[in-house]
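Undergrad: the amino acid sequence is not available; the structure is as follows:
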């Protein structure tokens, strides 16, 4: 039985707590990612025993999730393609690897758990990255990936909600107002990813079995939005997809 987002965990108060932390992301990233990391470990623990497991965090950046996974008993390795992100909190720790999510410099079946949080929308070929995550996971292991849905109110990241008028237009508006390009630039470091495309990939990949797909930050009673075409693109906000490696 899968316990993800069970009523005793995925409550409305949890959703409010995550949303409040999200609003502070720009000015206090340590707080936001600390809250998110603890919540992510709790979610992932419903699908995999983390005690002694080797967790590969794709797009782990400066290691915001490292401490939370280690407290759960996991061995943690991070991969990121951006040296600036890797060193954002100081010198990267041993075990940190620099490489592309679309061509992970990791051997086949190396990880017990492959995890990625809010990275998929930042690569030009998200399903190549998703397949790479399956490749580096051992048979029977778990892949957990989440991303911000493009047509959600936050899909444009710092350019939202103007991304509804087009990603390029939103980026130009941001540059005019702030005197600099957005960090997440449409077509370069931010790409439109949909719930429908994610489900289509997850249901048809020959390398993984879909275990669950749900709105990551919502309370348990809102899980049903993922099953409603159209609405799910607007209301999911952030989709989590969980697979078991075949």
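TA: Structure received. Just so it is clear, the structure is predicted and the values come from calculations on it, not from any experiment.
Undergrad: in its sheet, what does the biggest strand by length in the chain sit against?
TA: Assignment by DSSP state E gives strand 137-148 as the longest strand of the chain. If you go by DSSP bridges, strand 137-148 pairs up with strand 111-117 (parallel), strand 238-245 (antiparallel).
Undergrad: avg pLDDT for the last one?
TA: The pLDDT scores in strand 238-245 average 98.
Undergrad: which SS state does residue 121 fall under?
TA: Recorded secondary structure, residue 121: helix (DSSP: H, G, I helix; E, B strand; the rest coil).
Undergrad: ok, residue 54 - contacts?
TA: Neighbouring residues of residue 54 by C-beta atoms under 8 Å, 6 or more residues apart in numbering: 74, 75, 77, 110, 111, 112, 113. All C-beta atoms are positioned from the backbone trio N, CA, C, and that covers glycine.
Undergrad: go again with 10 Å.
TA: Counting by C-beta atoms under 10 Å, 6 or more residues apart in numbering, residue 54 touches 74, 75, 76, 77, 110, 111, 112, 113, 114, 137, 138, 141.
Undergrad: likewise residue 71?
TA: Contacts of residue 71 (C-beta under 10 Å, 6+ apart): 37, 38, 41, 50.
Undergrad: drop anything exposed from these.
TA: Burial of these was assessed by neighbour count (16 or more other C-beta atoms under 10 Å); the buried members are 37, 41, 50.
Undergrad: you'd agree residue 168 is in a strand?
TA: No: checked against three-state DSSP, residue 168 lies outside a strand; its state is helix.
Undergrad: so it is in contact with residue 181, correct?
TA: No: Residue 168 is beyond contact range of residue 181, at 11.6 Å (criterion: C-beta atoms under 10 Å).
Undergrad: thank you kindly, that will do.
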